[in-house]
Every structure is written in C-alpha cells, then in structure tokens.
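**Q** got a sequence here, can you build the structure:
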Amino acid sequence: MDFRLTEEQEMIRQMAADFAANEIVPYCIEWDKADEVPMETIAKMQELGLMTIGVPAEYGGDGLDNVSKCLVCEEISKGDAGLGTTIAASTLLASDPVIVGASDEQKKWWYGRQLEGAVCAFCLTEPGAGSDALGLATKCVKDGNDYILNGTKQFITNGGIAKQFTVFATLDKKLGNKGICCFMVDRDTPGVIIGNKEDKLGIRSSSTTQVIFEDCRVPASMMIGAEGKGLPILMETLDLSRTAIAALATGIATGCVEAALNYANERQQFGKPIASFQAISFKMADMAVRAEASRLLYLKAAYLQDIGGAFKTISSMAKLYAGDSAMTNAIEAVQIFGGYGYTKEYPVEKYLRDAKIMQIFEGTAEVQRMVIGKYLSKNGYNPFIMD
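**A** Residues are numbered from 1 along each chain as shown. Below is the predicted model of the structure:
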C-alpha cells in the first residue's frame, strides 16, 4: 500500500501551497476584518486554474482526479478557509449536478463559461429547509418551453459573485421526492435577485447571500435530467461534496498545528520554550494526530471516488471527523497561544471562527452521524470493502 502522492499530485499540491503562502496568507486577516471578497485574488486563482479544478478534460479543463482536487482545497483552506470555500463551492459543489446529470450540450455551456471566469453557486438551502433539504419550497411551473421559478434560497456560498447557478426546485411539495427538479440558471436571467448579504462569524472572505427567484423564466433546455428526477442528482451531489469539505476542514486543522507549534517553540516561560512543557506538547501531539487522521479519511474517500468504489459512508466519516477536528484543534491552538490567541493579532482566532462552519454546512455533524449510523445498522462495519 503506497501512501505517496504521484508526481502530478505533489506538483498540484505544492502550487496551491505556494499560492496560499504568497497570495493569501499576507492579506487574509485584512479581508476578514473588512468582510471583503478579494476579487483580484480570485482572478489570480482563475489564471492558475485553481478555480476550475473540477472541469473535466473533455470540456477544456485539466481533468484532475479527486485526490488532486481535495489537495488543492486543503492547501488553500489552510491559508484562508473563505477562499477555499469559494473554490469548492464553485468548481465542485455547484458543478457536481452538471457532472452527474447534464447533457453534453449543457456541460459545454456550463464549463465553457466557467473556463472564461464565471464563478458558480449551488442553490439548495432555503429559510425553511436546511438539514431537511427535501423540504424545499422554491417552485418551478412549466409554461410552454420554459419553467418559471419562484422562491428564496438562503446561505448561498458565492451568491453575490456568481454568474451561474445550479438550482433545485419542486413542481409541487405534495409530490415529495418525485417533484424535485434541477436547473442551470444564468445570473443575468430576469427575475434573479441577489438578496441579503450575511454578516458571518467566519469565512468572511467568501460571499454568502440570499438568492431570490421572482417569476424567473428558465428555458426547459436548462433543466438537468428529467422533470421530477432531481433527487438522485441532489443526493449524489451531496455525497461528492462532503469529501471536499473534509479537505477544507483538514486545512484548518493543519494550519492550527503549524501555528501552535511555531508559537510554542518561540514563546518563553519560566526560562524555556513552552513546547518543552508536557501539557503543551501533549496538546500538540493530539492536534497533529487529528489533522493526520482527517487527511487520511478524506484521501481514502477521494481515492474511492477515483476508482469507482463505495465512497459515500467514508465521505460522511471524513466530513464528520475533519469538521470536529478543525474545531477542536482551533480551540487548542487558542489555548496554547494564551491571551494572545484571543486577539486578532495572531491567526488562531480566525481559525477558530472559520472552523465552526465545517461542522454545519453540507450536512451538519449530526446529519453525518445519522448517515453513518444508518449504513452501519444495515451493512455492519466492513472497513476493507471498497466496491
């Protein structure tokens, strides 16, 4: 069993790490304070191909494997989880319904615009439909060769900067799962309204808004899959996205380890570095174990995706564990920094705020436990079954 990255994977990882060190870390605290989306930096990421890591080779992209995509997410998130979220939400989450269910012509439209610089957003969550994603109320009504969309989407990552959306709506709530449809929607379509911008605790360099559809007329040709057949597309999208979120969380967890270790080796108390104290060294050991285990889980999930294996439960495990690890590591990092960790002068305060969302979006930690528990009850625990 070889845990080494391929030459190409290491090259991609190092490119993302270098970009984060040079173009993100020096500025991310200012973006956070200003609650600002750094569009110039996003443009630089577009030039390097970081914003299009999910585009298949046959549609003009680099055709990266899932392991490489997740490595990029981890490295960028270690620099700033807001920008990591921007990448993952655009080229992975919002685009996953396209890769899962779109026609060739639809893929050409979607990926062509993405390669030209269009940021994308995934519109599922609503004011009354969070963990109960299937409780969505946004309605789509057939009208000739079009569908008319009405409804409000909430907490949409990239909502304020996206040029195209994947949108889930229902023909009729009474139809339940059989009424769900998925659409590709151009931002310039009349009736698309960008609503309130959220003033968030963390990942403040990413755009999070409402997206409102008011009598928004979308051509039927923009429906992904068949009418009322959106549920399988949605479920597969959520399964795929959890691995990337685990990678984002691992970036935070790893950043906390590095920041705490550097500080503990420099900070002197009682005449020696605090890293020499057992209480501190034990904290750092546990933090490193959590980061490493998080990475192994998401890499296993990504590898299984690449070989066509059974990845869904491992993906949920990775998302759950990495999200919890990011939060725990951030709390411990603040503790190691002491009073300084509670100030905005050092990065761990920001890591703590950024980490919390990793336990919430793309399925809360509680939802992941439900998914994992349901699988175990039905299938038992079979760690070496990969297909």
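**Q** for the stretch 151-300 of the chain, what spans make up the helices?
**A** Under the criterion DSSP state H, counting those that start in this stretch, the stretch 151-300 of the chain carries helices at the ranges 230-266, 278-307.
**Q** which other helices and strands contact the shortest one?
**A** Looking back up the chat, that one is helix 278-307. If contacts are counted by 3 or more C-beta pairs under 8 Å, 6 or more residues apart in numbering; DSSP states H and E, helix 278-307 sits against helix 66-79, helix 230-266, helix 312-337. C-beta: built from backbone N, CA, C; applies to glycine.
**Q** quickly list the domain ranges of this structure.
**A** As assigned by automatic domain parsing, the chain contains the domains 7-115, 120-228, 232-379.
**Q** now do the end-to-end distance for the second one.
**A** It stands for domain 120-228. 23 Å (C-alpha to C-alpha, to the nearest Å).
**Q** which of the helices and strands packed on helix 278-307 sits closest to Asp96?
**A** helix 230-266 (4.2 Å; C-beta to C-beta).
**Q** can you list the helices of the stretch 151-300 of the chain in a markdown table and add mean neighbour count, distance to Phe19 and mean pLDDT?
**A** A markdown table is the format used below for these (neighbours: other C-beta atoms under 10 Å; distance: least, C-beta to C-beta, whole Å; pLDDT from 0 to 100):
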| stretch | mean neighbour count | distance to Phe19 | mean pLDDT |
| --- | --- | --- | --- |
| helix 230-266 | 25 | 13 | 97 |
| helix 278-307 | 19 | 19 | 97 |
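**Q** Serialize these to JSON lines and add fields for distance to Ile76.
**A** Shown next, in JSON lines, are the helices of the stretch 151-300 of the chain (distance: least, C-beta to C-beta, whole Å):
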{"stretch": "helix 230-266", "distance to Ile76": "7"}
{"stretch": "helix 278-307", "distance to Ile76": "14"}
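**Q** tell me which of those lies nearest to Leu5.
**A** helix 278-307 (9.2 Å).
**Q** check the offset of the closest one from the chain's centre.
**A** 18 Å (C-alpha atoms, centre = their mean, to the nearest Å).
**Q** kindly report the same for stretch 207-226.
**A** The answer for stretch 207-226 is 21 Å, by C-alpha atoms, centre = their mean.
**Q** quick one: mean pLDDT for that stretch?
**A** What stretch 207-226 shows for mean pLDDT is 98.
**Q** pull out the buried positions in that stretch.
**A** Of all the residues in stretch 207-226, those buried under the rule 16 or more other C-beta atoms under 10 Å are 207-213, 216, 218, 222-225.
**Q** distance check, Asp104 against Ala253.
**A** 39 Å (C-beta to C-beta, to the nearest Å).
**Q** what is the burial count for Ile148?
**A** The criterion is other C-beta atoms under 10 Å. On that basis, Ile148 has 18 neighbouring residues.
**Q** OK, contacts around it?
**A** 140-141, 215-218 (C-beta atoms under 8 Å, 6 or more residues apart in numbering).
**Q** before we move on, what SS does it have?
**A** Recorded secondary structure, Ile148: strand (DSSP: H, G, I helix; E, B strand; the rest coil).
**Q** and the residue nearest to it when sequence neighbours are not counted, how many residues sit next to it?
**A** Leaving out its chain neighbours, the residue that sits closest to Ile148 by C-beta to C-beta, 6 or more residues apart in numbering is Val141, at 4.9 Å. The local packing of Val141 (other C-beta under 10 Å) involves 13 other residues.
**Q** need phi/psi at Val141.
**A** Per-residue torsions, Val141: phi -120, psi 130 (degrees, to the nearest 10).
**Q** now Asn22: how far from Ala16?
**A** Distance from Asn22 to Ala16, by C-beta to C-beta: 11 Å.
**Q** make that Ser205, sorry
**A** Counting by C-beta to C-beta - Ser205 and Ala16 are separated by 16 Å.
**Q** coming back round to it: looking at Asn22 and Ala16, which one has more neighbours?
**A** Ala16 (28 against 10).
**Q** avg pLDDT for the helix or strand harbouring that one?
**A** If you go by DSSP states H and E, Ala16 is part of helix 7-19. Averaging pLDDT along helix 7-19 yields 98.
**Q** quick one: buried residues of it?
**A** In helix 7-19, counting by 16+ other C-beta under 10 Å, buried: 9, 12-13, 15-17, 19.
**Q** go on, stretch 354-365?
**A** For stretch 354-365, by 16+ other C-beta under 10 Å, it's 354-359, 361-365.
**Q** list just the nearest of these to Gly79.
**A** Asp354 (11.0 Å).
**Q** I'd say that closest one and Ser205 touch.
**A** No. In this structure, Asp354 is not within contact of Ser205 by C-beta atoms under 8 Å, at 9.5 Å.
**Q** overlap in contacts, these two.
**A** 80, 82.
**Q** which ones are touching Phe277?
**A** Counted by C-beta under 8 Å, 6+ apart, Phe277 has contacts Gln269.
**Q** for Gln269, see how far away it is.
**A** Applying C-beta to C-beta to Phe277 and Gln269 gives a distance of 8 Å.
**Q** so Phe122 touches Gly159, yeah?
**A** No. Taking contacts as C-beta under 8 Å, Phe122 lies outside contact range of Gly159: 9.7 Å.
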